[in-house]
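Colleague: sharing a sequence plus its predicted fold:
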Amino acid sequence: RIAYVNGQYVRHSEAAVHVEDRGFQFADGVYEVCEVRHGMIVDLTRHLSRLDRSLSELRMAAPMSRAALTFVIREVLRRNRVKNGIFYMQVTRGAARRDHYFPAEGTPPTITITAKSTDPSAAAKKYANGIKVITLPENRWDRVDIKTVGLLPNVLAKQQAKEAGAQDAIFIDRDGIVMEGASSNVWIVTPDGELVTRPAEHGILKGITRTTLIDVAKKLGLKVVEREFKTEEMLAAREVFFTSATGICVPIVEIDGKPVANGHPGTVSSSIRDTFFDVAEKTAI
Ligand code: PLP
């Protein structure tokens with residue numbers, strides 16, 4: 001495998017950044033994960049736009065032009081012969097002697113890109129029966145709208161889910177309002193057949209898959225409502241599912257040990273999954 005590190009394509013096993021990298025010391029960096037299907041990058045434009053937003057919210061400059069970044073991404077995918085899989089890119093404020101203040105102007109950012117192949121049929125099988133989740137109190141900072149590499153609460157939440165015999169966790173705020181998963185957005189299908197997800201202006205990461213799914217729903221003639229909902233409403237829903245770039249649309253069949261509806265994935269999530277790639281933007285490698 002090959003990774004891109006600051007202008008060079010290096011062997012993945014030897015790819016490294018400096019010990020004083022601010023991503024390593026302060027989680028002072030941002031990232032994106034994109035899906036690749038049938039040799040096509042899914043929703044690249046939206047992911048690059050979100051990267052720009054994350055960088056600007058942290059007052060970091062873009063490491064290179066969008067055209068150059070797209071070129072490097074394609075090159076990493078080609079060198080790793082990825083036809084189906086993901087790539088991960090991370091930009092940090094660079095390496096400098098440890099000091100909370102921003103480093104001196106002109107300190108180059110650190111940019112790394114890795115890619116790996118995945119088996120889409122294995123993923124489909126993995127999600128065919130849906131997943132189990134637990135709910136946990138929201139304990140993250142209030143700028144989770146920025147896709148930073150500071151993911152410790154998410155890491156602890158997922159590990160807690162795993163140790164409880166579930167696969168994932170959903171953060172619930174103090175008022176009982178459903179926020180999002182540890183690495184995904186949450187959707188419900190109400191008993192009336194409405195597709196509901198919470199507003200993404202603050203309090204959650206505005207998922208790219210979430211945005212594209214709104215387009216998918218339109219194509220399927222489904223009504224999407226962006227409003228807050230509480231744990232009880234989620235537990236009484238006809239369907240509950242996650243969206244994320246890597247899972248696309250993952251049915252949730254059990255929450256805190258209680259089944260969702262009849263405990264099997266629903267038809268809305270599966271028709272969304274079947275239509276998603278037709279609607280999403282596809283960029284050839
Ligand atoms: N919410 C969180 C906290 C995430 O980490 C992610 C993805 O990693 C998402 C939502 C889903 O975003 P996207 O659809 O862009 O992958």
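Modeller: Arrived safely, thanks for sending. These figures come from a predicted structure and were not determined experimentally. Numbers count the residues shown, from 1 in each chain.
Colleague: please make it C-alpha for all contacts and neighbour counts, starting now.
Modeller: Will do.
Colleague: helices of the stretch 151-285 of the chain, residue ranges please.
Modeller: Assigned by DSSP state H, counting those that start in this stretch, the helices in the stretch 151-285 of the chain fall at 152-163, 208-220, 231-235, 267-279.
Colleague: could you check how far the residue nearest to Val155 when sequence neighbours are not counted is from Gln159?
Modeller: Distances taken as C-alpha to C-alpha, 6 or more residues apart in numbering put Ala182 closest to Val155, at 7.6 Å, once the chain neighbours are dropped. Here the criterion is C-alpha to C-alpha, to the nearest Å. By it, Ala182 lies 10 Å from Gln159.
Colleague: want to try TSV for the helices of the stretch 151-285 of the chain, with mean neighbour count, mean pLDDT and distance to the ligand as columns?
Modeller: As requested, the helices of the stretch 151-285 of the chain are exported to TSV (neighbours: other C-alpha atoms under 10 Å; pLDDT from 0 to 100; distance: least, C-alpha to the nearest ligand atom, whole Å):
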stretch	mean neighbour count	mean pLDDT	distance to the ligand
helix 152-163	17	98	7
helix 208-220	18	97	4
helix 231-235	17	98	17
helix 267-279	16	96	12
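Colleague: distance to Arg174 added to those, as CSV?
Modeller: CSV is the format used below for these (distance: least, C-alpha to C-alpha, whole Å):
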stretch, distance to Arg174
helix 152-163, 16
helix 208-220, 24
helix 231-235, 11
helix 267-279, 28
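Colleague: the residue lying closest to Pro137 once chain neighbours are set aside - how many residues pack around it?
Modeller: Nearest non-adjacent residue to Pro137, counting by C-alpha to C-alpha, 6+ apart: Ile172, 5.0 Å away. Applying other C-alpha atoms under 10 Å, we find 19 residues neighbouring Ile172.
Colleague: quick check: Gln90 is in a helix.
Modeller: No. Counting by DSSP: H, G, I helix; E, B strand; the rest coil, Gln90 is not found in a helix; it is strand.
Colleague: residue contacts, it?
Modeller: Listed by C-alpha atoms under 8 Å, 6 or more residues apart in numbering, the contact set of Gln90 reads 29-32, 110-113.
Colleague: one more pass at 7 Å, please.
Modeller: Gln90 sits next to 29-32, 111-113 when contact means C-alpha atoms under 7 Å, 6 or more residues apart in numbering.
Colleague: from Gly23, how far off is it?
Modeller: The gap separating Gln90 from Gly23 is 9 Å, by C-alpha to C-alpha.
Colleague: give me the common contacts of these two.
Modeller: Listed as contacting both Gln90 and Gly23 by C-alpha under 7 Å, 6+ apart are Gly29.
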